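Peer 1: requesting a structural model of the entry that follows:
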Amino acid sequence: MGQVITNYISNAIKHSGSGEAVEIEINCTEKDLAVGVTDHGIGKIPGIRQDSSSAITG
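Peer 2: Okay, here's the model as predicted:
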């Protein structure tokens, strides 16, 4: 799970412009962990579905 989160954050940094913010939100309960990463890069390519918000369970 640590590697997945690291990759998620690394991709956000890589695809953001120089000096652009990358926002990381972490919510944790006894049973769940949710990690959200928001970058301000160019975005997804129109017409190609890229679901990066799907749940990862273990």
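Peer 1: need the contact partners of the helix or strand where residue 35 lies.
Peer 2: Using DSSP states H and E, residue 35 maps to strand 33-38. Strand 33-38 is contacted from outside by 1, 5, 8, 9, 12, 22, 23, 24, 25, 26, 27, 28, using C-beta atoms under 8 Å, 6 or more residues apart in numbering. The C-beta positions use only the backbone N, C-alpha and C, and glycine is treated the same way.
Peer 1: inside strands: which ones of those?
Peer 2: Within the contacts of strand 33-38, residues falling in strands by DSSP state E are 23, 24, 25, 26, 27, 28.
Peer 1: ok, those vs residue 16, which is closest?
Peer 2: residue 23 (10.3 Å; C-beta to C-beta).
Peer 1: and the residue nearest to the closest one when sequence neighbours are not counted, how many residues sit next to it?
Peer 2: Distances taken as C-beta to C-beta, 6 or more residues apart in numbering place residue 38 nearest to residue 23, at 4.3 Å, with adjacent residues excluded. Look at residue 38: counted by other C-beta atoms under 10 Å, it has 11 neighbours.
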